[in-house]
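# how would this look folded up:
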Amino acid sequence: MADILIVDDNEDNRKVLTRLLEFAGHRGVPASNGAEALELARRRQPDLVLMDLAMPEMDGWAATLHFKQDAALASIPIIVVTGHVTSDEIKRAQDVGCQDVVSKPIDYYILVAKIDRYLAPALAPAQAGGRRELCSA
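Residues are numbered from 1 along each chain as shown. Modelled structure (predicted):
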């Protein structure tokens, strides 16, 4: 089970992501903006961050830049979860240090595949048999 920081100013989005992460066998740690995310990350050292881009106080681009400039946080993978999926915005996110992008509305299987891509080496033994399917027949 991984601790995944969910950074989004929309409470409903944080709740949906938390539930999706629970289905995948992970624990969501919510933050409503970039400043709060940095504070939580320094205390909790999450395994991965899901970062919205457009937020008040500190947006996702600025927060990611701060993560990558902080030696204690720099190695934490950051996946952007956003409705801003233009090529310019994706390039800007990558330029500040984001590893990947998931577009909204969120596809559970794409989200989990991307999370697994960055966490698999560290979590493979712990997750064996722990994942549930979102829908079962």
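
# which SS state does the spatially most central residue of the chain fall under?
The chain has residue 50 as the residue nearest its centroid, 1.3 Å off, counting by CA atoms, centre = their mean. For residue 50, the assignment made with DSSP: H, G, I helix; E, B strand; the rest coil gives strand.

# equivalent analysis for the one 5 residues further on, please.
Per three-state DSSP, the local secondary structure of residue 55 is coil.

# what are the boundaries of the helices in the chain?
11-23, 34-44, 60-69, 87-96, 108-127 (DSSP state H).

# just name the most buried of those.
helix 60-69 (a mean of 21; mean count of other CB atoms under 10 Å). C-betas here are computed from N, CA, C, even on glycine.

# quick one, that helix and helix 34-44 angle?
Following axes from the mean of the first three to the mean of the last three CA atoms, to 10 degrees, one obtains 30 degrees for the angle between helix 60-69 and helix 34-44.

# helix 60-69 - what's its average pLDDT?
Helix 60-69 carries an average pLDDT of 95.

# was I right to think residue 24 contacts residue 112?
Yes: checked against CB atoms under 8 Å, the pair residue 24 and residue 112 is within contact range at 4.9 Å.

# out of the helices of the chain, nearest to residue 75?
Nearest of the helices of the chain to residue 75, taken as CB to CB: helix 60-69 at 9.3 Å.

# what's the nearest residue to residue 26 if we skip its chain neighbours?
residue 2 (4.7 Å; CB to CB, 6 or more residues apart in numbering).

# what's the answer for residue 111, then?
Using CB to CB, 6+ apart, the closest residue to residue 111 is residue 102 (5.3 Å).

# the one you found: neighbour count?
20 (other CB atoms under 10 Å).

# show the pLDDT at it.
94.

# mind checking how far it is from residue 69?
Residue 102 is 24 Å from residue 69, where distance means CB to CB, to the nearest Å.
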